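*Asks:* Predicted model and sequence follow; I will ask about them next.
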Amino acid sequence: MYLGLDLGTSGIKAMLVDEDFLTVGVAHAALTVSRPHPGWSEQAPADWITGAEQVIGELAREHPQAMARLRGIGLSGHMHGATLLDASDQVLRPCILWNDGRSGPQCAELTARADFHGIAGNLVMAGFTAPKLLWVAENEPDIFARTAMVLLPKDYLRLWLTGEHVAEMSDAAGTLWLDVGRRDWSDKLLAATGLTRAQMPALVEGSDVSGTLRADLAQRWGIPRVPVAGGGGDNAATACGMGVMTPGTGFLSLGTSGVLFAATESYAPNTGDAVHTFCHAIPATWHQMGVILSASDSMSWLSEITGRAVPDLAALVPDDVGAPSPVGFLPYLSGERTPLNDPDATGAFWGLRRATGVADLTQAVMEGVAFAFADCVQALRKAGTPIEAAYAVGGGARSRAWLRIIASATGLTLLEPEDGDFGAAFGAAKLAAAAVTGDTSARIFAQPAVRAEIAPDPALAAAYAQKYHAYRTAWPHLRDLPA
């Protein structure tokens, strides 16, 4: 048996699987986010421990015999969070989360101090960990002076589970302190933030053992003192669950935000188009992501302003879409990352007429998100990353019409996996198996069976090529218009 523990922003999930990676049990616990000021987003690390105790304890009560045969634990979690500890491992302040925007002013300062683009392989954005620490240094100097260790969220859970200060490569790459090509901390980037290696955890690969479960916790849950794997950041762990470990086939996540993920065999950043370039969770492998900030959230927004439920809106668009909507849409409702790197970008409709109906608007929203993914495809290919097909996951992937629109707009063949849970907790469990067995082959990281393939429709793709050109030119024209 293997246990995957995924620390999400809104909840923590534990997933117990057997040696064939069939699900034995799943448990969830909710988490809340504190927003004490506009643009701030924080969580109390103590709540992560409470949630982890709840979900692991639930599995131990409901599946005692299976848990008694546990062989390893894997970890996954939301990336970029700044968890600050003093010399006694006491938390100094609430963790500043990935979606916290307060450190925007520090980004330009860090960019000027060191070669973050070349060494870390990514643009300096407020979402990453490094500018958060510079904000703390400038606004909470007493806390910064007492910071003896900086941990990522899932690695604080690891400290509780094992007593070890350890990070793994995929999550560490999201701090902006990792030399992503060399897979090691960069003294230059740490110094630019006023930090040293002494304040960083040790590094392992995600498929390596990072420590052993504490004896008191093992006794409490009635399980062996098993190894705890390095694990992975949430997207890398999801890729492990989907078997996206080699170039060619990636995954496309159509959730609140959108991610196009592709594995690579070498370090090949493309900071010019705001591509995220990180280490993968297994050795000698990297990955790239195009990230859009309002994917299914664009549909949620349309639902709110029309008063119609999202499924009802989606039903207005036929599965066999024959032509583009007469309306265009920019999905920049929360700014945009790839390729704009513009937190101030705004959304827009164009082409509205008196005859425009809700169905036109709904299809336009789907198309705008599809074109944002087309931007991501182009950005990855400019970095030399081949991607021809992608597993479609996330809540929006339930709409066959939306998948057909995305396939035709991006040129990707979308793969619908058979029913199953292939998320980050599942990937974390697979990383636990890899750490225990030493096997990082496709036997562990197998790809799911495909229920259906959705290839680009040639006629629709040709029509979307023309509309994509309009989409690409819309934002430069709209950007400077006064509100």
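*Replies:* In hand now; what should we look at?

*Asks:* rest of the way, CA atoms for contacts and neighbours
*Replies:* OK.

*Asks:* what's the longest helix in this structure?
*Replies:* The helix that spans the most residues within the chain, counting by DSSP state H, is helix 358-382.

*Asks:* Name the residues of that helix that come out as buried.
*Replies:* Neighbour counts over helix 358-382 (16 or more other CA atoms under 10 Å) mark 359-380, 382 as buried.

*Asks:* now do stretch 272-281
*Replies:* Using 16+ other CA under 10 Å as the test for burial, stretch 272-281 gives 272, 273, 274, 275, 276, 277, 278, 279, 280, 281.

*Asks:* Could you double-check that the third one sits in contact with residue 340?
*Replies:* Yes - with contacts counted by CA atoms under 8 Å, residue 274 reaches residue 340, the gap being 6.8 Å.

*Asks:* if I pick residue 331, what's in contact with it?
*Replies:* The contact partners of residue 331, taken as CA atoms under 8 Å, 6 or more residues apart in numbering, are 294, 295, 298, 346, 347, 348, 365, 368, 369, 372.

*Asks:* From residue 142, how far off is the fifth one?
*Replies:* In this structure, residue 347 lies at 40 Å from residue 142, with CA to CA, to the nearest Å as the measure.

*Asks:* So those two - more neighbours on which side?
*Replies:* Taking other CA atoms under 10 Å, residue 347 and residue 142 do not tie; residue 347 has more neighbours (19 against 12).

*Asks:* List the contacts of residue 124.
*Replies:* Counting by CA under 8 Å, 6+ apart, the residues that residue 124 touches are 107, 108, 110, 111, 116, 117, 131, 176.

*Asks:* The first one: which element?
*Replies:* Using DSSP states H and E, residue 107 sits within helix 104-113.

*Asks:* Bridging across strands, which residues link to residue 76?
*Replies:* Counting by DSSP bridges, residue 76 is bridged to residue 6, residue 232.

*Asks:* Grab the nearest non-local neighbour of residue 84.
*Replies:* Nearest residue to residue 84, sequence neighbours excluded (CA to CA, 6 or more residues apart in numbering): residue 150, at 4.9 Å.

*Asks:* As JSON lines, the contacts of residue 331 with pLDDT and distance to residue 217 would be great.
*Replies:* Formatted as JSON lines, the contacts of residue 331 follow (pLDDT from 0 to 100; distance: CA to CA, whole Å):
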{"residue": "294", "pLDDT": "90", "distance to residue 217": "40"}
{"residue": "295", "pLDDT": "92", "distance to residue 217": "40"}
{"residue": "298", "pLDDT": "95", "distance to residue 217": "43"}
{"residue": "346", "pLDDT": "91", "distance to residue 217": "48"}
{"residue": "347", "pLDDT": "95", "distance to residue 217": "49"}
{"residue": "348", "pLDDT": "96", "distance to residue 217": "52"}
{"residue": "365", "pLDDT": "98", "distance to residue 217": "49"}
{"residue": "368", "pLDDT": "98", "distance to residue 217": "49"}
{"residue": "369", "pLDDT": "98", "distance to residue 217": "45"}
{"residue": "372", "pLDDT": "97", "distance to residue 217": "46"}
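
*Asks:* Which of the residues you listed sits closest to residue 21?
*Replies:* residue 295 (30.1 Å; CA to CA).

*Asks:* Next, count neighbours for residue 483.
*Replies:* Using other CA under 10 Å, the number of residues around residue 483 comes to 5.

*Asks:* Surely residue 49 is within a helix?
*Replies:* Yes - counting by DSSP: H, G, I helix; E, B strand; the rest coil, residue 49 is part of a helix.

*Asks:* Please look at it and residue 159 and confirm they touch.
*Replies:* No - the criterion here is CA under 8 Å, and residue 49 misses it with residue 159 at 10.4 Å.

*Asks:* Give the residue from those two that has the larger number of neighbours.
*Replies:* Remark: of residue 49 and residue 159, residue 159 carries more neighbours, 18 against 15, as counted by other CA under 10 Å.

*Asks:* Setting aside sequence-adjacent positions, which residue approaches that one most closely?
*Replies:* residue 165 (5.8 Å).

*Asks:* I figured that neighbour was touching residue 155, is that so?
*Replies:* Yes - between residue 165 and residue 155 there is a contact under CA under 8 Å: 7.3 Å.

*Asks:* Which of the two has more residues huddled nearby?
*Replies:* residue 155 (25 against 21).

*Asks:* mind listing what the more buried one touches?
*Replies:* 165, 166, 167.

*Asks:* The stretch 151-300 of the chain: strands as residue ranges?
*Replies:* Remark: strands assigned in the stretch 151-300 of the chain by DSSP state E, counting those that start in this stretch are 166-168, 178-179, 184-185, 202-204, 209-212, 227-229, 232-233, 248-254, 258-264, 276-279, 286-292.

*Asks:* which strands and helices sit next to the third one?
*Replies:* Just to be clear, that refers to strand 184-185. strand 178-179 (3 or more CA pairs under 8 Å, 6 or more residues apart in numbering; DSSP states H and E).
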